[in-house]
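[1] sharing a model that was predicted from the sequence below.
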Amino acid sequence: MDTIRSAMTRRSLLLRALALGVCVTGVPNMAFAQQSLEETEKLLNKFEGQIERLLAKPQPPLFQRHLRSLRAMARSQYAVLTLQQSSYLRRPFAEHLKEYHGYLETISKGFEGDAADPDAYLKHGSRPLILARASDIDGTLQYYMVNLPPDWDPQKAYPLFVVLHGTGPDHPMGYPSYGLGPRDAAPEKKGDADPMIRLTPWGRGNRGWRNDGERDLFEAIADLRTFAQLDPDRWYLTGHSAGGDGAWAIVTRTPDLWAAAGMQSGSMISCPPSLGLLANMQYVPFHILIGEKDNLPNRIPDSKEAHRLLKEAGGETRLLLLPDVGHYPLPESAYREEETWMRKYVRKRPDRFSFTIDQSNHPGVWGVRIASRNRGGRVLMAPWPRFDVTIQGADVAITTRGIERLSVNLGDNGLRMRGKVKLTINGKVVYEGDARSEAMTFDV
C-alpha cells in the first residue's frame with residue numbers, strides 16, 4: 001500500500017509540474033508491474049485501435065499530428081523491445097519492457113478520458129500536445145511537448161516559455177505519460193491576461209542539453225513556428241537541475257534570443273566562468289532559484305557565484321534561496337515567482353555588447369557573425385574569435401579579434417538600425433547608407 005501511495009504522490013507532483021509548465025526531474029520511475037512481451041503487444045494493439053478510431057473521425061490537423069506522433073513513438077519503442085536484447089542503456093531488458101508497458105498503459109487509460117478530446121489541447125490548454133518529427137540531425141524520431149494557451153488563436157503572436165527538463169526518465173514515453181495519463185477531472189480553465197505558449201523539448205533524454213541535445217531545442221522551436229506565431233521579443237528559457245545547467249550554457253551562446261532566462265537548482269558546470277564567456281550574456285536578465293538544503297555538489301555555491309558575477313558585471317539578476325527546500329521538488333510559489341520576474345522583461349538589443357565565439361554553430365549575435373562556411377558545431381581552438389559592438393545614434397562601431405571575415409545585418413533581423421547608418425570596423429568606415437535588411441560581408 002505504501003508503494004502505491006508513494007507512486008501516486010510522485011505522479012501528482014509530476015502532473016502539477018506539467019500544469020505549471022515547469023520541468024520534472026529527479027523523480028523515480030512509477031511502480032509498474034512486470035509484463036510479458038506478448039501482453040505488451042496486446043496493449044500496443046489496444047492503443048493503436050484507440051488512435052485509429054480517433055483518426056477515422058474528422059479531427060483538427062494539429063490533433064491528428066499529435067495522434068500520429070504518439071502512434072509512431074509507441075511503435076518505434078516496441079520495435080526495439082522485439083529485439084529482446086539482454087541489456088542496453090545500462091539496464092536489463094526486463095526493466096525496459098516493464099517501463100514501456102507502464103508508460104503506454106498510463107497513456108492508454110488517459111485516452112479513455114479527455115486525452116481523446118482535441119478541445120483539451122487546442123481550446124482548454126489543459127493537455128500537452130506531443131509532436132514528433134524526423135530530426136534533421138540524423139533522421140531519428142524525436143519529439144517535444146507543447147502546451148497551448150486556452151482559446152489559442154493561431155493568428156496571434158504569443159510569448160514563448162521554454163523549460164528544459166533535468167535528469168529523469170530516459171524513455172521517450174515517460175514525460176508524455178505524465179501529461180496524458182488519466183485524471184478525475186480536467187483542471188479549471190483559468191484566464192490569463194498575457195497567455196503564452198509553453199514548450200518542453202525532449203532533448204534526446206539525459207544528454208545535458210549539449211551538442212545534439214541543444215540542437216533538439218532549436219529544432220523544436222523551428223517546428224513550433226510552422227503552426228504557431230511567437231512574439232520574438234518575449235522568449236524565456238529556464239530549466240531544473242541539468243536543465244538549469246543547460247539553460248545557463250545556451251543563454252551564454254545565444255543571448256540575443258531571450259528576453260530573460262533562469263535556472264532552478266542549476267549550476268555553471270556546462271559553461272564555467274573560466275571559459276571567459278560570461279560577457280556574452282551579461283545583459284540578459286537572469287533568475288536563479290535554489291533550495292537552501294540542496295545537497296547536490298556545487299549547486300548552492302555555483303548559484304551564488306553566478307548571481308555575484310552577473311551583478312558585478314552590471315546585469316539584471318535575482319537569487320532566490322528557498323529555506324527548508326532540497327534539490328527537488330521546489331514549491332509551486334517559487335516557480336510562479338520566477339516566471340513573474342522573467343516575464344516583466346522584453347528583449348532589447350543593447351547599445352554595447354561583446355561576443356566570444358567558442359563553437360562554430362554559434363557564430364555571432366544580433367546579426368553580427370563570423371563569415372564561415374562551417375556550421376557543424378565544432379569547438380574552436382583558443383584564442384577564440386571575438387567582436388565588440390558600440391552603437392551611438394546612427395554610428396555602429398565594431399572591433400574584432402581573430403576574425404578574417406565578418407557578416408553584418410543592420411536591419412530588423414540583426415542590429416535593428418533605422419534610416420541612415422555609418423558602419424565602422426576596426427577603425428575603418430566600410431559602409432554608409434540605409435540600414436539594409438540583408439547581411440553584408442566584409443574582409444576585416
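    Structure received. Residues are numbered from 1 along each chain as shown.

[2] quick one: the top strand by length along the chain to chain centroid distance?
    With secondary structure taken from DSSP state E, the chain has its longest strand at strand 229-239. From the chain centre to the centre of strand 229-239 is a distance of 10 Å (C-alpha atoms, centre = their mean, to the nearest Å).

[3] before we move on, what about stretch 194-212?
    Counting by C-alpha atoms, centre = their mean, stretch 194-212 is centred 3 Å from the centre of its parent chain.

[4] start and end of it, how far apart?
    By C-alpha to C-alpha, to the nearest Å, the extent of stretch 194-212 from end to end equals 32 Å.

[5] just the buried residues of it, please?
    195-210, 212 (16 or more other C-beta atoms under 10 Å). Where you see a C-beta, it was placed from the backbone N, CA and C, and this is true even at glycine.

[6] ditto for stretch 68-79
    Of all the residues in stretch 68-79, those buried under the rule 16+ other C-beta under 10 Å are 69-71, 73-74, 77-78.

[7] which residues touch it?
    Under the contact criterion C-beta atoms under 8 Å, 6 or more residues apart in numbering, stretch 68-79 has outside partners 40-41, 44, 47-48, 51, 55, 100, 104, 107, 130-132, 141, 143, 171-173, 176, 180.

[8] now that stretch - C-alpha only, PDB.
    Provided in PDB are the C-alpha atoms of stretch 68-79 (Å, rounded to 0.1, in the frame of the first residue of the first chain):
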ATOM      1  CA  ARG A  68       0.200  10.100 -35.300                       C
ATOM      2  CA  SER A  69       3.200  11.200 -33.200                       C
ATOM      3  CA  LEU A  70       2.100   9.000 -30.200                       C
ATOM      4  CA  ARG A  71       1.500   6.100 -32.500                       C
ATOM      5  CA  ALA A  72       4.900   6.400 -34.100                       C
ATOM      6  CA  MET A  73       6.600   6.700 -30.800                       C
ATOM      7  CA  ALA A  74       4.800   3.700 -29.400                       C
ATOM      8  CA  ARG A  75       5.600   1.600 -32.400                       C
ATOM      9  CA  SER A  76       9.200   2.600 -32.600                       C
ATOM     10  CA  GLN A  77       9.900   1.800 -28.900                       C
ATOM     11  CA  TYR A  78       8.100  -1.500 -29.200                       C
ATOM     12  CA  ALA A  79      10.200  -2.400 -32.200                       C
END
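
[9] circling back to that earlier point, among the contacts of stretch 68-79, which are in strands?
    130-132, 141, 143.

[10] can you put the residues you listed in a markdown table and add distance to Q59, neighbour count and pLDDT?
    Output for those, formatted as a markdown table (distance: C-beta to C-beta, whole Å; neighbours: other C-beta atoms under 10 Å; pLDDT from 0 to 100):
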| residue | distance to Q59 | neighbour count | pLDDT |
| --- | --- | --- | --- |
| I130 | 15 | 25 | 98 |
| L131 | 14 | 21 | 98 |
| A132 | 17 | 22 | 98 |
| L141 | 21 | 15 | 97 |
| Y143 | 19 | 23 | 98 |
